[in-house]
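S.K.: Structure, please.
(3 chains)
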Amino acid sequence: MIDHGTTEVHAERAQHLRLLEALLFASAEPLDEATLGARLGQGADVRALLVELADRYAGRGVVLVRVGKRWAFRTAPDLAPRLRPREEVSRKLSRAAIETLAIIAYHQPVSRGEIEGIRGVATSKGTLDLLMEQNWIKPGRRREVPGRPLTWITTDHFLDHFGLNSLRDLPGVADLRAAGMLDPRPMLDLPQAGGGKDGEGAS
Amino acid sequence: MIDHGTTEVHAERAQHLRLLEALLFASAEPLDEATLGARLGQGADVRALLVELADRYAGRGVVLVRVGKRWAFRTAPDLAPRLRPREEVSRKLSRAAIETLAIIAYHQPVSRGEIEGIRGVATSKGTLDLLMEQNWIKPGRRREVPGRPLTWITTDHFLDHFGLNSLRDLPGVADLRAAGMLDPRPMLDLPQAGGGKDGEGAS
Amino acid sequence: MTAGSTFAEDVRPPGPVVSEQLLLALDGFEGPIDLLLTLARDQKVDLTHISILQLANQYLDFVAAARRVRIELAADYLVMAAWLAYLKSRLLLPEPEDVGDEPGGAELASALAFQLQRLEAMREAGARLLALPQLGRDVFARGAPEGLEAEQTTVFDVTFYDVLKAYGEHKRREETSTLTIQPLDLYSLEDALSRLSHILGSLPDWVTLSSFLPDRSDNLLRGRSALAATFAATLELVKAGQVELRQDGAFAPIWLRRAAPREGAAPSDCEGAA
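M.R.: Model (predicted):
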């Protein structure tokens, strides 16, 4: 008599667990206990069932987690790298972004307004965001002028990434000129006095 | 020493099972064994692991099923009445569509002319379209007879949708075959609705 | 068609009289075969034991009745009626001896029976198929699959050189934006003419052209333009008959002097053009 009763209770509990499992599996959203309770029917101790189910899944590839007051199946966090391997996609940085980065590097600390003044064009917010995302720039101090604009400076990661020891190693304008990076595109090669091509270095 | 070895093998197997479980949980679509094998890495006996995993889930609220050559977790079919959303808005298929689907499923590969021969009516344009839209059928090979008619076959999604392991599991397929109902018997040139302008069926 | 009605009058069909309901449902049929199958079911026997002759009669009756009630009846139904009338005749008459390849009445009848059985079988199969637990209706896939696509992290392909170059380009633009084009400092033909005419009066004898050049060695461009302008100016003066030119060989210095007022001896006359 008692045996029969326990078996029945047992079977009902097992069936509740099955249904709970299926409901949580099929739902696109985490489910709260009230919703689950309504689906299981009266007399189901949803909380206890959920705890039992979570126990069963503990340590498995899929785990039952509580998200706020709601419950959901999730793949085990430690498996994430195996499920979603990281893949690096190489992309070109826009010219505007490279130039902005260069100006921050050379003029830091520099506010966005100043960058725009130097570049002569508006800087989209996305550009600074992008550079910050790459951890190349970070906000510096606010400038103590009206409006207290935020300034931008380069990070250590910037030095690291570009193989610089310090900002002092950034080539100066004269170095750039000497390296031919300020050369105008050759147009008319007018013979100037002293016509030597390398005379510019002196200026 | 031996103990240590077995423990290691055991741990690796357990980890494989966890990963397999997570992969199948995380995927929206059934996964084939080759894909799973590639994710698990070399040396994993995917088939054996899948069978073990399916065993573990047998009788639970969520079960591991084989769909053609692919595997997926699905809620247990017996829970359907408890899971089914209240307001069922499943689109009713037309009789023509059901018949056409059945003919394609049981007779595949089958040409449109043959379908029309069996049904005795011309297939309206929307029927194959609708079945294709549901991703239940797809074009198969062209038949190497005059006119090279296109044949139709069912998709893997068809198996998935109707919970079939393979085409051998189509309801009553063995009996129908035994009764000669699936014989590619040359069709009687009966008058057909829609005028039977394409002689495919007669060939 | 006449055959059909004739038969219908000659042989009373043993089957049930065509029901009004069936007539009303005519639009619902998917063609003659569908109708035949429905009629066959009325025989309430296993389709494998169906009497094709009886079925043909039923169909012909039906068509005749339908044509009495509604004049228009799709051509397919009439074609089928004609075919069944033919089949009936083949079934009732003794088989002729000389038919050769043509199928006999019994063969045609069994082919039609098979066709009906097969269609019935496919209908049942369709119903059983749809009774299976269906994904999204009875059986559910994971509601919130995490997905297995690789997580993509963007790596920007920028070298230090790119940064420097960008800055250099920026600097250059800055410079060129304030650049004003300076006029070229050239020695003009007018300058040379006035200078030459000025000096010429004081010349006693042959002098080299280069000694007329202004001293602008600090500016190569101006020096060269002075040479060109002065040479052009001397040519002008030669043309005007005010100066004589002489050159003793190719690339040799060019000599000039004031022209004598119409004297013969001018050894450089022809060479002056050189």
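
S.K.: Tell me where chain A has helices.
M.R.: A:2-26, A:33-40, A:46-57, A:80-83, A:95-107, A:112-119, A:125-133, A:156-161, A:173-178 (DSSP state H).

S.K.: hey, which of those helices is tucked in deepest?
M.R.: Per-stretch averages of neighbours, counted by mean count of other Cβ atoms under 10 Å in any protein chain shown, single out helix A:95-107 among the helices of chain A, with a mean of 22. For glycine as for every other residue, the C-beta is placed from the backbone atoms N, C-alpha and C.

S.K.: What about contact with chain C: does that one have any residue there?
M.R.: Yes: residues of helix A:95-107 are located near chain C by Cβ under 8 Å from any Cβ of the partner chain, namely A:95, A:98-99, A:101-103, A:105-106.

S.K.: And that helix, what does it pack against?
M.R.: helix A:112-119, helix A:125-133, strand A:150-154, helix C:160-177 (3 or more Cβ pairs under 8 Å, 6 or more residues apart in numbering or on different chains; DSSP states H and E).

S.K.: So, low pLDDT: which residues of the chain?
M.R.: Since you didn't name a chain, this refers to chain A. Applying pLDDT under 70 to chain A flags residues A:1-5, A:182-203.

S.K.: The chain in question should be chain C.
M.R.: Using pLDDT under 70, the flagged stretches of chain C are C:1-25, C:70-71, C:96-101, C:175-183, C:216-218, C:261-274.

S.K.: mind running it again at 80?
M.R.: Across chain C, the ranges flagged by pLDDT under 80 are C:1-28, C:42-49, C:68-74, C:94-104, C:147-155, C:170-187, C:196-204, C:209-223, C:259-274.

S.K.: give the contact list for the residue lying closest to A:Arg143 once chain neighbours are set aside.
M.R.: With Cβ to Cβ, 6 or more residues apart in numbering or on different chains as the criterion, A:Arg143 has its nearest non-adjacent residue at 5.2 Å, and that residue is A:Pro149. Contacts were defined as Cβ atoms under 8 Å, 6 or more residues apart in numbering or on different chains; by that measure A:Pro149 touches A:111-114, A:142-143.

S.K.: and if you look at A:Arg148?
M.R.: Residues in contact with A:Arg148, defined by Cβ under 8 Å, 6+ apart, are A:Arg142.

S.K.: quick one, phi/psi of it?
M.R.: phi 40, psi 60 (degrees, to the nearest 10).

S.K.: Tell me how many other residues crowd residue 69.
M.R.: By default, I'm working from chain A. Number of residues near A:Lys69 (other Cβ atoms under 10 Å in any protein chain shown) recorded here: 10.

S.K.: You answered for a different chain; I wanted chain C.
M.R.: Neighbour count for C:Val69, taken as other Cβ under 10 Å: 12.

S.K.: ditto for the one 10 residues further on
M.R.: Each residue near C:Val79 was counted by other Cβ under 10 Å, and the total is 17.

S.K.: any idea which element it lies in?
M.R.: Here C:Val79, judged by DSSP states H and E, is contained in helix C:75-92.

S.K.: Are that helix and chain B in contact anywhere?
M.R.: Yes: contact of helix C:75-92 with chain B (Cβ under 8 Å from any Cβ) involves C:76, C:79-80, C:83.

S.K.: which helices and strands does that helix pack with?
M.R.: Here helix C:75-92 is seen to pack against helix C:2-10, helix C:32-42, helix C:52-69, helix C:105-131 when contacts are counted using 3+ Cβ pairs under 8 Å, 6+ apart.

S.K.: Can you add distance to B:Asp129 and give these back as CSV?
M.R.: Formatted as CSV, the helices and strands packed on helix C:75-92 follow (distance: least, Cβ to Cβ, whole Å):
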stretch, distance to B:Asp129
helix C:2-10, 37
helix C:32-42, 21
helix C:52-69, 32
helix C:105-131, 18
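
S.K.: Distance check, the residue nearest to A:Ala122 when sequence neighbours are not counted against chain C.
M.R.: Spatially, and ignoring its direct neighbours in sequence, A:Ala122 is nearest to A:Glu116 (5.6 Å; Cβ to Cβ, 6+ apart). Using Cβ to the nearest Cβ, to the nearest Å, one obtains 13 Å as the distance from A:Glu116 to chain C.

S.K.: Could you do A:Glu8 as well?
M.R.: When distance is defined by Cβ to the nearest Cβ, A:Glu8 is 26 Å away from chain C.

S.K.: And chain A, what are its domain boundaries?
M.R.: As recorded under automatic domain parsing, the domains making up chain A are A:4-78, A:95-178.

S.K.: ok, the residue lying closest to C:Leu87 once chain neighbours are set aside - how many residues close by?
M.R.: In space, C:Leu87 comes closest to C:Leu108 once its chain neighbours are excluded; the distance is 5.4 Å by Cβ to Cβ, 6+ apart. Residues lying near C:Leu108 (other Cβ under 10 Å) number 20.

S.K.: Out of the contacts of A:Pro149, flag the one nearest to chain C.
M.R.: Set against chain C, the nearest of these by Cβ to the nearest Cβ is A:Glu114 (13.5 Å).

S.K.: wait, the closest one sits on A:His107?
M.R.: Yes: at 6.9 Å, A:Glu114 and A:His107 qualify as touching, with contact defined as Cβ atoms under 8 Å.

S.K.: re earlier: tell me which of the helices of chain A lies nearest to C:Gln58.
M.R.: With Cβ to Cβ as the criterion, C:Gln58 lies closest to helix A:2-26 of those, at 50.6 Å.

S.K.: Quick one: list the elements packing against that closest one.
M.R.: Using 3+ Cβ pairs under 8 Å, 6+ apart as the test, helix A:2-26 ends up in contact with helix A:33-40, helix A:46-57, strand A:70-75, strand B:62-67, strand B:70-75, helix B:80-83.

S.K.: residues making contact with it?
M.R.: Outside helix A:2-26, the residues that touch it by Cβ under 8 Å, 6+ apart are A:31, A:36, A:39-40, A:44, A:46, A:49-50, A:52-53, A:56, A:64, A:71-73, B:59-62, B:73, B:75-76, B:79, B:82-83, C:140-143.

S.K.: go again using 6 Å as the cut-off
M.R.: In this structure, residues lying in contact with helix A:2-26 by Cβ atoms under 6 Å, 6 or more residues apart in numbering or on different chains are A:39-40, A:44, A:49, A:53, A:73, B:60-62, B:75, B:79, B:82-83, C:140, C:142-143.

S.K.: Can you tell me which of the residues you listed is nearest C:Val158?
M.R.: The closest of those to C:Val158 turns out to be C:Arg142 (Cβ to Cβ; 40.3 Å).

S.K.: Quickly note the distance from the closest one to B:Arg70.
M.R.: For C:Arg142, the distance to B:Arg70 under the criterion Cβ to Cβ, to the nearest Å works out to 14 Å.

S.K.: re the thing from before, okay if I get the helices and strands packed on helix A:95-107 as JSON lines plus distance to C:Leu148?
M.R.: Compiled in JSON lines, the helices and strands packed on helix A:95-107 are given as follows (distance: least, Cβ to Cβ, whole Å):
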{"stretch": "helix A:112-119", "distance to C:Leu148": "40"}
{"stretch": "helix A:125-133", "distance to C:Leu148": "25"}
{"stretch": "strand A:150-154", "distance to C:Leu148": "38"}
{"stretch": "helix C:160-177", "distance to C:Leu148": "35"}
